[in-house]
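S.K.: Let me see the structure of the following:
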Amino acid sequence: MSSADGAPPRITLVDGRSGAGKTTWATALARRTGAQLLSLDDVYPGWDGLEAAEAHVLEHVLRAIAEGRPPRWRSWNWVDEEPGAWHALDPARDLVIEGCGAISPAARSLAHHAVWVELADDAERRRRAIARDGEVFARNWTRWAQQEDAHAALHAPRETADEIVEPLSPPSARTP
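M.R.: As a prediction, this is how the structure comes out:
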C-alpha cells in the first residue's frame, strides 16, 4: 500500500519476545499490504543493543517521517561486529517495523497501530529462536532475555499495543 493519495504512510509496530512469531506475522502483514518491512534484527548493534536499536529507529525512521526528513536506518554487521551500511526507506510507503523493542510510548505516539505477538510459550520460543539462529543465540539467550525484561519493565509494550496476537489470532480488521 502506498500513500499516493497524499495521506501519510501507515506505520505498524510489531513487538514480542524472541521466538514469539513476530517476524513471521509481520512479514505476512507487509506482503499482504505491500508495506515496507524493517526488522530490528538488522539494526541491533550487537547482543547488548536492544534499547540502542529502539532509539536509532525512533530518531532515524519514525521522527524522520514525522518531521518530513528522509527515513533511513543503519544495519549492524554481525560477522565483523561493527556498524554496516545505511539504508533508505520510501517515506511515501506504508511501513511495518518488527522486533523486540519496536513498541515504546515514544514510538507508539508516531505510529498508527501497535501489535504485540505471543504465539508461543517460553519453551517453544527458546526452541524456535535457537533453531533459527543457532548456538550463538543459545549462548546469549539469558543476556538477551534480560534486555527484553528491561524493555518490558520500562516501556510496557504489551500493555501499549492496540492488538495482541495469540495462537490462532488472525490479523485484525484494524491492522493496515
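S.K.: per-residue pLDDT, Leu110?
M.R.: On the pLDDT scale, Leu110 is placed at 97.
S.K.: Quick check: mean pLDDT of the top helix by length along the chain?
M.R.: The longest helix of the chain (DSSP state H) is helix 135-155. For helix 135-155, the mean pLDDT works out to 90.
S.K.: tell me what that helix is packed against?
M.R.: Contacts defined by 3 or more CB pairs under 8 Å, 6 or more residues apart in numbering; DSSP states H and E place helix 135-155 against helix 50-57, helix 122-133. To be clear about C-beta, it is placed using only N, CA and C from the backbone, and glycine gets the same treatment.
S.K.: just flag whichever of those helices has the lowest average confidence.
M.R.: helix 122-133 (a mean of 84).
S.K.: got the buried residues for that one?
M.R.: 125-126, 128-130, 133 (16 or more other CB atoms under 10 Å).
S.K.: I'd like the helices and strands packed on helix 135-155 laid out as JSON lines, including distance to Gly99.
M.R.: Formatted as JSON lines, these follow (distance: least, CB to CB, whole Å):
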{"stretch": "helix 50-57", "distance to Gly99": "7"}
{"stretch": "helix 122-133", "distance to Gly99": "13"}
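S.K.: Pull the distance from stretch 128-147 to the chain's centre.
M.R.: 17 Å (CA atoms, centre = their mean, to the nearest Å).
S.K.: meant to ask about stretch 108-121, not that
M.R.: Worked out by CA atoms, centre = their mean, stretch 108-121 lies 8 Å from the chain centre.
S.K.: Compare the helices and strands packed on helix 135-155 and give me the one nearest Ser75.
M.R.: The closest of these to Ser75 is helix 50-57. By CB to CB, the value is 10.5 Å.
S.K.: CA atoms of that closest one as CSV?
M.R.: C-alpha atoms of helix 50-57 as CSV (Å, rounded to 0.1, in the frame of the first residue of the first chain):
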residue,chain,number,x,y,z
LEU,A,50,18.0,-3.7,22.1
GLU,A,51,17.5,-0.2,23.5
ALA,A,52,20.1,1.3,21.2
ALA,A,53,18.1,-0.1,18.2
GLU,A,54,14.9,1.2,19.6
ALA,A,55,16.4,4.7,19.9
HIS,A,56,18.0,4.5,16.5
VAL,A,57,14.7,3.7,14.7
